[in-house]
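Student: Sharing a sequence plus its predicted fold:
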Amino acid sequence: MSADKETKRYLSLRYKLLIPLMGLGVLMFIMGYFGAQEYLRNTIYEIMKNETDSIREYVEDCLDENQLQALTSGDVEYDEAAGWPAGMTDERYWTQVDCLASVEEFNPRTEIFTYYQKTDSSLAYGVDQYAVLVPEDSYSLGEDVVQDEDYDYLLRGLQNVTYYDELQYFEEDDVYYFAVTSPLRNSQGVIIGGLTIYLDANLAVESLQTLSEYLVLIFIVAFIVVALLVLGITRSVTSELVTLQATSKRVAEGDYAPIALRSHTVNDEVSALGQLFNTMLDKVRQREETLQTKVEELQIQIDMEKRSKDVKDIVESEFFQDLKQRAALVRKQRQQKE
């Protein structure tokens, strides 16, 4: 059997239209979802960035960088026997700590500390707000900074304002933080250390998760609505084609009844095809009727010619001639008797 005569799989035009349209819809919704999620994330990040910028500007205004430089260079009064931070007797230290701690009054979701270059290969903590707010969690002045994943940001913060690329997660507190580091300069404009601000981002993360869930729900509902619309449109478009298909089968069996067309306010290719199909059916019906009439007339003519030929054959046969002669002889004998 040739390839042309092989039975091919059948797929309705409705699904040929529906499958690529729905595939395109899925792709668009996925792109839209992740695009919207990225937009929301960037918007929230921008809000937190503006918030940390405001805090940073406030702290830089209230800090005395010259006093901070003196403290971090070793010029500090401290009673080690009293422990940390109770043994810190230098008022300059507490003035700087009070500056950082005052942020708590208008933004309690922050953790702020300063740091400085201790040696070429190490960093140390300066002052932090916890010395007043949570003394047991405070960094000791001059305590070495552990070289962890934040260390590179702290180094970069000694040169330029640096925002962390990702939110920082503190497992022990189960808190996400948005962080920024920036250089601190003395009155001569020389960088004497850095400032780090951690902003509690849990609320932002929860908001982003909530918005993401709403986005998923919205996109699912929108997808279902679009899917139903596409299904309805394809069904409406292909329903008349299905009618044409059924009519073609009916015509093949000799039924030339026209299609009952739906009325359209504005015609399209399918409705025009239906009208042309009805026109074709009418012409085919007329031609078949004309052909049938001619066939009947031809059949009558053939029958008459056949009948004439049969009569001629009978008349010209020997039997008929013999019978004719006998009939003539019988008539002649009858006349002679009379």
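Tutor: Perfect, thanks for sending it.

Student: And the pLDDT for the residue nearest to Phe170 when sequence neighbours are not counted?
Tutor: In space, and not counting its chain neighbours, Phe170 is closest to Tyr177: 6.7 Å by C-beta to C-beta, 6 or more residues apart in numbering. Every residue, glycine included, has its C-beta placed from N, CA and C. For Tyr177, the pLDDT comes out at 90.

Student: now do the one 5 residues further on
Tutor: Model confidence at Ser182, given as pLDDT, is 96.

Student: mind listing what it touches?
Tutor: For Ser182, the contacting residues are 56, 60, 157, 160-162, 194-195, by C-beta atoms under 8 Å, 6 or more residues apart in numbering.

Student: Asp128 now?
Tutor: 97, 100, 111-114, 138-139.

Student: so which two of the residues you listed are the farthest from each other?
Tutor: Val97 and Glu111 (13.3 Å; C-beta to C-beta).

Student: Need the overlap of contacts for the two.
Tutor: 128-129.

Student: Which strand residues bridge Ile191?
Tutor: Arg185 (DSSP bridges).

Student: re the thing from before, so which of the contacts of Asp128 would you say is closest to Ala82?
Tutor: Of all the contacts of Asp128, Ala82 sits closest to Ser138, with 14.1 Å by C-beta to C-beta.

Student: Can you report how many residues neighbour Gln335?
Tutor: When neighbours are counted by other C-beta atoms under 10 Å, Gln335 registers 8.

Student: Please identify the helix or strand for it.
Tutor: helix 318-337 (DSSP states H and E).

Student: average pLDDT for the strand or helix carrying Ala246?
Tutor: Element membership for Ala246 (DSSP H and E) is helix 202-252. For helix 202-252, the mean pLDDT works out to 79.

Student: what's the following helix or strand after it?
Tutor: Helix 202-252 is succeeded, C-terminally, by helix 269-316 (DSSP H and E).

Student: now that following helix, how far from the chain's geometric center?
Tutor: 62 Å (C-alpha atoms, centre = their mean, to the nearest Å).

Student: Give me the buried subset of the contacts of Ser182.
Tutor: 56, 157, 162, 194-195 (16 or more other C-beta atoms under 10 Å).

Student: List just the nearest of these to Arg250.
Tutor: Distances from Arg250 to the buried ones among the contacts of Ser182, taken by C-beta to C-beta, are shortest for Thr162, at 78.1 Å.

Student: Specify the beta-bridge partners of that closest one.
Tutor: Under the criterion used (DSSP bridges), Thr162 bridges to Thr181.

Student: For it, give its distance to Glu38.
Tutor: 22 Å (C-beta to C-beta, to the nearest Å).

Student: Same check on Asn202?
Tutor: Distance from Asn202 to Glu38, counting by C-beta to C-beta: 20 Å.

Student: hey, which helix or strand in this structure has the poorest pLDDT?
Tutor: In the chain, no helix or strand scores lower on mean pLDDT, DSSP states H and E than helix 318-337, which sits at a mean of 70.
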